[in-house]
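Q: have a look at this fold, sequence not included:
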């Protein structure tokens, strides 16, 4: 294991301390050292946007705290859910009096801890509603979407929810838009090499040399098969063959494309992968409205990539085009 760390047990604390110092123009601490908020939060009269999850996925989750994006985030240990108290404190940090939308991924620990936090918050009279991302197609079959994990599609859910809240929408309207976003989003990952948790000191799973794992999860959850390493064009075809028919995406649709590296894959290779994806979409008559290529939702130093597609309507397009400012995503208003 070769990493730039000091104490393996304090990597999250040291990272968060440095993050707030480096990005003081956007974020600030709260009384809970594991909760980071937008520097201007809470914003009176605006629905608060909260998320949370395990660390190790930078820039997710804290990278999406900022203007017209996420207002507060609960930060768990590496690949581990934040406790209920952290979600509770994140909601309190984001509460501008118009209700809170908790937008997070479908993992057992997160589901349990969010539910516990919501129960306590509702007892205090704070209106809280949630949307659970389940965009990872290979993690459960068609018809069992409620079992699917949330992966990089969460970013587009935060983008839409944050924009809708910034537009002055009600809590119900924000929740409806965020739910629509995730309902219209599909993702799939392909892993090339594992990652190492600092406290463990060795990879938490294996992918043999010359192989790749189709449908791998962001924590190394098993995919659907391990096959011989293939050229980017074949990998792109595999991903599209799974994602496109699942919604389905059809000729005439407009879509957002997000290709995220998993940590150690060069961005150059992500663009090569995107080139093959855009070619496939063009052949199918699917128009790309906007593309995001880079490290948006990683898994420490895992090698590989995820492909995410979101089908757009006019409401979702307006939210995607809405300006925002965060470390993970900065965007000027599209006209």
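A: Nice, thanks for sending it over. The structure displayed is predicted, hence computed values, not measured ones.
Q: pLDDT wise, what is residue 161 at?
A: For residue 161, the pLDDT comes out at 98.
Q: next up, the contacts around it.
A: Counting by Cβ atoms under 8 Å, 6 or more residues apart in numbering, residue 161 touches 49, 101, 103, 131, 174, 177-178, 181. All C-beta atoms are positioned from the backbone trio N, CA, C, and that covers glycine.
Q: between those, which has the most around it?
A: residue 101 (33 neighbours; other Cβ atoms under 10 Å).
Q: shaky segments in the stretch 51-200 of the chain?
A: For the stretch 51-200 of the chain, no stretch is flagged by pLDDT under 70.
Q: would you turn the contacts of residue 161 into CSV with secondary structure and distance to residue 21?
A: Output for the contacts of residue 161, formatted as CSV (DSSP: H, G, I helix; E, B strand; the rest coil; distance: Cβ to Cβ, whole Å):
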residue, secondary structure, distance to residue 21
49, strand, 24
101, strand, 29
103, strand, 27
131, strand, 32
174, helix, 31
177, helix, 34
178, helix, 31
181, helix, 32
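Q: of these, closest to residue 300?
A: Nearest to residue 300 among the contacts of residue 161 is residue 103, at 23.1 Å by Cβ to Cβ.
Q: how close does the closest one sit to residue 250?
A: The span separating residue 103 from residue 250 equals 27 Å under the rule Cβ to Cβ, to the nearest Å.
Q: how about the helix or strand containing residue 119: buried residues?
A: Assigned by DSSP states H and E, residue 119 belongs to helix 108-123. Neighbour-count burial for helix 108-123 flags 110, 113-114, 117-118, 121 (criterion: 16 or more other Cβ atoms under 10 Å).
Q: packing partners for that helix?
A: Contacts defined by 3 or more Cβ pairs under 8 Å, 6 or more residues apart in numbering; DSSP states H and E place helix 108-123 against strand 48-55, helix 84-94, strand 100-105, strand 128-133.
Q: what's the burial count for the nearest residue in space to residue 94 that is not next to it in sequence?
A: Distances taken as Cβ to Cβ, 6 or more residues apart in numbering put residue 48 closest to residue 94, at 3.2 Å, once the chain neighbours are dropped. Burial measure for residue 48: 30 neighbouring residues, criterion other Cβ under 10 Å.
Q: surely residue 48 meets residue 71?
A: Yes: here residue 48 reaches residue 71: they are 4.7 Å apart, a contact under Cβ atoms under 8 Å.
Q: between the two, what contacts are shared?
A: With contacts defined as Cβ under 8 Å, 6+ apart, the residues shared by residue 48 and residue 71 are 41-42, 94.
Q: which one of the contacts of residue 161 is nearest residue 1?
A: Of all the contacts of residue 161, residue 1 sits closest to residue 103, with 33.5 Å by Cβ to Cβ.
Q: which residues are in contact with the closest one?
A: Counting by Cβ under 8 Å, 6+ apart, residue 103 has contacts 49-51, 70, 130-131, 133, 154, 157-158, 161, 178.
Q: Serialize those residues to CSV and add fields for distance to residue 296.
A: Putting the contacts of residue 103 into CSV (distance: Cβ to Cβ, whole Å) gives the following:
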residue, distance to residue 296
49, 17
50, 19
51, 14
70, 14
130, 22
131, 19
133, 14
154, 10
157, 13
158, 11
161, 16
178, 18
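Q: ramachandran angles for the residue nearest to residue 66 when sequence neighbours are not counted?
A: Nearest non-adjacent residue to residue 66, counting by Cβ to Cβ, 6+ apart: residue 326, 3.0 Å away. Torsion angles at residue 326 (phi, psi; degrees, to the nearest 10) stand at phi -150, psi 170.
Q: try residue 43
A: Torsion angles, degrees, to the nearest 10, at residue 43: phi -100, psi 110.
Q: kindly report the domain assignment for the protein.
A: For the chain, automatic domain parsing gives the domain ranges 8-183, 185-331.
Q: which of the ones you listed sits closest to residue 2?
A: Across those, residue 2 has its closest neighbour in domain 185-331 (9.2 Å, Cβ to Cβ).
Q: now do the closest one: distance to the chain's middle.
A: 12 Å (Cα atoms, centre = their mean, to the nearest Å).
Q: what's the span of it from first residue to last?
A: Domain 185-331 has an end-to-end distance of 20 Å (criterion: Cα to Cα, to the nearest Å).
Q: same check, this time on stretch 20-34
A: End-to-end for stretch 20-34, by Cα to Cα: 11 Å.
Q: check stretch 217-237 too.
A: Stretch 217-237 has an end-to-end distance of 19 Å (Cα to Cα).
Q: which residues touch it?
A: Contact with stretch 217-237 is made by 54, 57, 79, 136, 138-139, 149, 151, 189-192, 194-195, 204-205, 207-208, 210-216, 238, 262, 269, 272-273, 275-277, 279-280, 297, 299, 302, 306-307, as judged by Cβ under 8 Å, 6+ apart.
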